[in-house]
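Chemist: just coords:
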């Protein structure tokens, strides 16, 4: 019985990551491409916070590799960034869990900005540094969208009893 | 509900020191991966197999757009179809008439080249490909097309659209390829000004409608409106395809080079159909020997592909 439940939970987690990846490559007008939140990063932070024993650096790394292939970017750059934010989230999950939503959004801003900073460094090293301030916009939009995403994912987790 | 609470509490002490070690290991492996992916081609196999896994996701994302196109094609009225056929037929006649002149010119050109003992121009083979409607990173100009290894596409293959040079392939998987547009900040291709024959390099700026022409002296004979074509020197792009049109030329005597910008001919943000180009092999022994043999070996530098 309990094993069955665990299997069901896994499929829900995979499904949320899949949806986040679909949102990541969904075609949008050019201006909307710049404000696209880091969907995969957000979903990863949520699961790391809610279930740190099941979703942590390993899952973040694998999700990052897939995002790299989806984006056609250097293999490993998102993997590295996501592993780092997964680690930080898991370390701080007890604090973040009890913050009010707006404070959680602030932590999300910091985490996503951290992942973007890592990616910007890597791109700078290979000579492909982002040349516009618009590059940092997704961390802001991610923080703005966080409260709604958090409530949605929490309801999903409770409904399907993912644990 | 009680059971659920118990399950929720369990994680408290289960997570220990292992995370740091795991993170260190994963960081090291991603750094290794990036270094190898940046410098060599060993990881193309891994990328291809992952790309096949995510192909259904990409298809699903592109589905509304392709379904919309299909509906649009199937629901057009007879009247508008007839009109379209009419206009296409007249366009076809016009193009054929132009082609007649082109064929005779080509024959004349070959004869003249024969007389000059110069190597013949290489022929080209093309294949039409369609863009898959997914968004990649907005800060690097890349698009996905529906042709790959299976259709003999290869890494570093030139891609054209109806108006001019479009880009080149950077990742090739069995069924899809990623194309880097000529406007990508890390792309550059060797070009030639059509009017004067001046050779230069057209580098992407990160803006869809702007290329920068590098290393042009301040006193160069250039005018706004001059067209720029591929020079074929880098060995990636075939010679003579239109690339861009010059839109600004500022010469500042205090600077070593003039600042020249051009706008790409290819409709980088609108084309849905592109052409993959194969060059037929040149016979190297037909090229007459250079008058001065330098001791450095290969004097021709590969400058066209700066793909990361």
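Modeler: Arrived safely. None of these values were measured; they are calculated from a predicted model.

Chemist: distance-wise, check residue B:42 relative to chain A.
Modeler: Distance, residue B:42 to chain A, by C-beta to the nearest C-beta, to the nearest Å: 10 Å. In this view, the C-beta of every residue, glycine as well, is placed from N, C-alpha and C.

Chemist: state whether that residue is indeed within a strand.
Modeler: No. Using DSSP: H, G, I helix; E, B strand; the rest coil, the secondary structure at residue B:42 is coil, not a strand.

Chemist: what helix or strand is the residue nearest the centre of chain A on?
Modeler: By C-alpha atoms, centre = their mean, chain A has its centre lying nearest to residue A:41, at 1.2 Å. Per DSSP states H and E: residue A:41 is located in helix A:39-50.

Chemist: hmm, that helix in reach of chain B?
Modeler: No. Remark: helix A:39-50 sits outside contact range of chain B, by C-beta under 8 Å from any C-beta of the partner chain, the gap being at least 9.1 Å.

Chemist: run through the neighbouring helices and strands of that helix.
Modeler: helix A:2-25, helix A:57-71, helix A:77-98, helix A:101-125, helix A:137-159 (3 or more C-beta pairs under 8 Å, 6 or more residues apart in numbering or on different chains; DSSP states H and E).

Chemist: ok now that helix, how far from the chain's centre?
Modeler: Averaging C-alpha positions (C-alpha atoms, centre = their mean, to the nearest Å) puts helix A:39-50 5 Å from its chain's average.

Chemist: what's the angle from it to helix A:2-25?
Modeler: Put simply, helix A:39-50 runs at 150 degrees to helix A:2-25, going by axes from the mean of the first three to the mean of the last three C-alpha atoms, to 10 degrees.

Chemist: which residues touch helix A:39-50?
Modeler: A:13, A:16-17, A:19-21, A:23-24, A:54-56, A:59-60, A:63-64, A:67, A:78, A:81-82, A:85-86, A:89-90, A:93, A:96-97, A:108, A:111-112, A:115, A:142, A:145-146, A:149-150, A:153-154, A:157, A:162 (C-beta atoms under 8 Å, 6 or more residues apart in numbering or on different chains).

Chemist: repeat that with 6 Å
Modeler: The contact list for helix A:39-50 (C-beta atoms under 6 Å, 6 or more residues apart in numbering or on different chains) reads A:13, A:16-17, A:20, A:23-24, A:55-56, A:60, A:63, A:67, A:82, A:86, A:89-90, A:93, A:96-97, A:111-112, A:115, A:142, A:149, A:153.

Chemist: out of those residues, which are close to chain B?
Modeler: For chain B, the contacts drawn from the contacts of helix A:39-50 by C-beta under 6 Å from any C-beta of the partner chain are residue A:90.

Chemist: filter the contacts of helix A:39-50 to the buried ones?
Modeler: Neighbour counting with 16 or more other C-beta atoms under 10 Å in any protein chain shown marks A:13, A:16-17, A:20, A:23-24, A:55-56, A:60, A:63, A:67, A:82, A:86, A:89-90, A:93, A:96, A:111-112, A:115, A:142, A:149, A:153 as buried within those.

Chemist: what's the distance between residue A:161 and chain B?
Modeler: 6 Å.

Chemist: quickly find the element holding that residue.
Modeler: Counting by DSSP H and E, residue A:161 is part of no helix or strand.

Chemist: what do you get for residue B:276?
Modeler: Judged by DSSP H and E, residue B:276 forms part of strand B:273-279.

Chemist: what pairs with that strand, parallel or antiparallel?
Modeler: Strand B:273-279 has the following sheet partners, assigned by DSSP bridges: strand B:124-132 (antiparallel), strand B:158-160 (antiparallel).

Chemist: JSON lines please, covering these and showing mean pLDDT.
Modeler: Converted to JSON lines, those look like this (pLDDT from 0 to 100):
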{"stretch": "strand B:124-132", "mean pLDDT": "87"}
{"stretch": "strand B:158-160", "mean pLDDT": "93"}
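
Chemist: out of those strands, deepest packed?
Modeler: strand B:158-160 (a mean of 25; mean count of other C-beta atoms under 10 Å in any protein chain shown).

Chemist: that one: how far from the chain's middle?
Modeler: In terms of C-alpha atoms, centre = their mean, the centre of strand B:158-160 is found 6 Å from the chain centre.

Chemist: which residues sit against the next helix or strand along the chain from it?
Modeler: Using DSSP H and E, the helix or strand that follows strand B:158-160 in sequence is strand B:165-172. Strand B:165-172 is contacted from outside by A:72, B:148-149, B:153, B:155-160, B:177-182, B:230, B:241, B:243, B:266, B:274, B:307, using C-beta under 6 Å, 6+ apart.

Chemist: which members of the residues you listed are positioned in helices?
Modeler: Among the contacts of strand B:165-172, none falls in helices (DSSP state H).

Chemist: now, the residues you listed that are in strands?
Modeler: Those of the contacts of strand B:165-172 mapping onto strands are B:158-160, B:177-181, B:230, B:243, B:274, per DSSP state E.

Chemist: out of those residues, which comes closest to chain A?
Modeler: Using C-beta to the nearest C-beta, residue B:178 comes nearest to chain A of these, at 4.1 Å.

Chemist: and the closest one, what does it touch?
Modeler: Residue B:178 makes contacts with A:72, B:142, B:144, B:170-171, as judged by C-beta under 6 Å, 6+ apart.

Chemist: spatially, which two of those are the most separated?
Modeler: B:144 and B:170 (11.0 Å; C-beta to C-beta).

Chemist: surely residue B:130 meets residue B:144?
Modeler: No. Taking contacts as C-beta atoms under 6 Å, residue B:130 lies outside contact range of residue B:144: 10.0 Å.
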